[in-house]
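Return a 3D structure for these sequence lines:
(chains A and B)
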Amino acid sequence: MASTDSNLRPLSRMEMAARVARDIPEGWYVNLGIGVPTLIADAIPAEREVILHSENGLLGMGPAPAAGEEDPWLINAGKQLVTLRPGGSFFHHADSFAMIRGGHIDLCVLGAFEVARNGDLANWATSAADAAPAVGGAMDLAAGAKRIWVVMEHLTKDGKSRLVENCSYPLTALGVVERVYTNLAVLNVTQAGFVVREIIPGMSFAELQEKTAAPLIAGM
Amino acid sequence: MINKQVATIAAALEGVQDGATVLVGGFGSVGQPNALIEGLIEQGARNLTVVANNAGTGHVGLAKLLAADRVRRIICSFPRSSGSVVFEELFTAGKLELEIVPQGTLAERLRAAGAGIPAFYTPTAAGTKLAEGKETREIDGRLYVLEKALPGDLAIIEARRADRWGNLTYRASGRNFNPVMAMAGKCTVVQVQEVLPLGDLDPEIVVTPGIFVDRIVQIDATQPGQ
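Reported below is the predicted structural model:
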């Protein structure tokens, strides 16, 4: 029995970011990956002190500068101009990745091509033979952060599930993803597989399972 | 009297050999020593192995060095970006060897080289394509990948202030790879905006002690990548 899809409102990018931001408590040191994760920064309430780490050597990263206040030497990992909050600090790359690899980052939120039910993450390469590979800090973050959450669309633009039994794309890290936020649901990754915590209004568990290429466990 | 400052870029880059491994600082164009890259192009050394986080954008800086046919191999973490046309063309044509290294592994390989550590284990890339062909070891129940130190014959870096002993401070996110490359370079050449009288740099804020620095050139730079 098909649902009336026209009644459903999958979350927008900003709404997904805001949903993730709700779950980040004050005091955490957080690294936000490129893409939708960077939108999370603006969704954290100003009075909640979450310390943002940027792999290129910043703690206490702040929002984009106001016009006339740009420091061209102050950029984030996505090469965008940013500011530094009071209490922020600069450090070099070995120290930055010591923070990452040494388990000091409480949370890293990343985008992904695929997440497998055992928590495997694929987010650095597709199999396109022509394009040169490029990995950046993704593998270090995935291996090192205390928690990995993924925020991504539930389906690719061709309608394929990004939640899978096994990743078909090259892996970034094995078994690291703890939670997934999509435009349709919030899911935890457990020993037993994906446990659904929330679904968008109007969509049933069965409908969500229909769209997902891995077994789901109801946990709403 | 020790004075590591030299008057010209040419003097700073004297002696770079063909086939050298050159460490190039910067994250994108921020912290990239573009004046020294231009000098390297003029100096003429070829068949180089370049180590950098990225592979250049547009037709300036690293991209210009690649386009000048001086580089045989590039070791980096993220060569592709919007505008990395020179890199992509050379790579697709098979004219440029590429070694992809996770960014943290790259930073630590450089630090290790500077610190006299020949190899180390890291959890990064364990179980992935980038660990293929590498030794691995299980330590306390977790799999790690053995990575080797990455020294350079020459390190060209950017800093904000220096003194004549080579002590350096940096500017904001322009710091990035520069301090670890300073350590890992057999000869480290730095372009700075200001050279201060000895004693003016507060010892508490020196980021790179001058022991790691060999030659200093003062360059007027109002934007990164100058």
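
which residues in chain B form strands?
B:21-24, B:48-51, B:71-76, B:97-100, B:119-122, B:136-139, B:142-148, B:152-158, B:161-163, B:168-169, B:185-192, B:194-196, B:215-218 (DSSP state E).

residues contacting the residue in chain B that chain A sits nearest to?
Nearest residue of chain B to chain A: B:G104, at 3.2 Å (CB to the nearest CB). Heads up, the C-betas are built off the backbone N, CA and C, glycines and all. By CB atoms under 8 Å, 6 or more residues apart in numbering or on different chains, the residues touching B:G104 are A:H93, A:S96, A:F97, A:I100, A:R101, A:G137, A:M139, A:D140, A:G144, B:T122, B:T124.

wait, doesn't the first one sit right on B:M181?
Meaning A:H93. No. Judged on CB atoms under 8 Å, A:H93 makes no contact with B:M181 at a distance of 9.0 Å.

Looking at these two, which is more packed in?
Comparing A:H93 with B:M181 by other CB atoms under 10 Å in any protein chain shown, the one with more neighbours is B:M181, at 35 against 29.

Go through the lowest-mean-pLDDT helix or strand in chain B and flag the buried ones.
Among the helices and strands of chain B, helix B:85-92 carries the lowest confidence by mean pLDDT, DSSP states H and E, at a mean of 94. Neighbour-count burial for helix B:85-92, counted by 16 or more other CB atoms under 10 Å in any protein chain shown, picks out B:V86, B:F87, B:E88, B:L90, B:F91.

and if you look at stretch B:59-66?
Buried-residue list, stretch B:59-66, by 16+ other CB under 10 Å: B:V60, B:G61, B:L62, B:A63, B:K64, B:L65, B:L66.

Could you find the closest non-adjacent residue to the fifth one?
Think B:K64. Using CB to CB, 6 or more residues apart in numbering or on different chains and skipping residues adjacent in sequence, the residue nearest B:K64 is B:I41, 6.3 Å away.

ok, that neighbour to B:L66 distance?
For B:I41, the distance to B:L66 (CB to CB, to the nearest Å) stands at 10 Å.

now do A:V164
Taking CB to CB, one finds A:V164 at 38 Å from B:L66.

now swap in A:L58 and tell me
Remark: distance between A:L58 and B:L66 (CB to CB) = 28 Å.

where does chain A have its least confident helix or strand?
Using mean pLDDT, DSSP H and E, helix A:36-43 stands out as the lowest-scoring helix or strand of chain A, at a mean of 94.

Not counting its own residues, what contacts that helix?
Residues contacting helix A:36-43 (CB under 8 Å, 6+ apart): A:13-14, A:16-18, A:20-21, A:24, A:32, A:52, A:61, A:63, A:76, A:78, A:109-111, A:151-152.

now, which of those lie within strands?
Judged by DSSP E, the subset of those located in strands is A:L32, A:L52, A:M61, A:V109, A:L110, A:V151.

okay, now the fourth one: neighbour count?
Around A:V109 there are 28 other residues, counting by other CB under 10 Å.

now it, nearest residue through space, not along the chain?
Leaving out its chain neighbours, A:V109 is closest to A:P37 (CB to CB, 6+ apart), at 4.3 Å.

Quick one: neighbours of the one you found, just the number.
24.

again with B:N47
Neighbours around B:N47, by other CB under 10 Å: 13.

so who does it touch?
Here B:N47 is in contact with B:D18, B:G19, B:R70, B:R72 (CB under 8 Å, 6+ apart).

and the gap between the residue nearest to the spatial centre of chain B and B:I216?
In chain B, the residue lying closest to the centroid (CA atoms, centre = their mean) is B:V24, at 2.7 Å. Here B:V24 is placed at a distance of 17 Å from B:I216 (CB to CB).

check contacts around B:G39.
If you count contacts by CB under 8 Å, 6+ apart, B:G39 has them with B:I9, B:A10, B:A12, B:L13.

Just the pLDDT for the last one.
What that stands for is B:L13. B:L13 carries a pLDDT score of 98 in this model.

biggest helix in chain B by residues?
helix B:103-115 (DSSP state H).

can you tell me the average pLDDT over that one?
98.

And for stretch A:158-169?
97.

Can you dump the C-alpha atoms of it in CSV for me?
Coordinates of each C-alpha in stretch A:158-169 appear next as CSV, following Å, rounded to 0.1, in the frame of the first residue of the first chain:
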residue,chain,number,x,y,z
ASP,A,158,18.6,8.0,-8.2
GLY,A,159,16.5,6.7,-5.3
LYS,A,160,19.0,4.2,-3.9
SER,A,161,19.3,3.7,-0.2
ARG,A,162,22.4,5.1,1.4
LEU,A,163,21.9,2.9,4.4
VAL,A,164,23.2,-0.5,3.3
GLU,A,165,24.0,-4.0,4.4
ASN,A,166,27.6,-3.6,3.2
CYS,A,167,29.3,-0.6,1.6
SER,A,168,30.1,-0.9,-2.0
TYR,A,169,32.2,2.3,-2.1
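
what's in contact with that stretch?
A:112-117, A:120-122, A:125-127, A:152-156, A:180, A:182, A:187, A:194, A:211-214.

again, 6 Å this time
A:F113, A:E114, A:V115, A:A116, A:D120, A:A122, A:T126, A:M152, A:T212, A:A213, A:A214 (CB atoms under 6 Å, 6 or more residues apart in numbering or on different chains).
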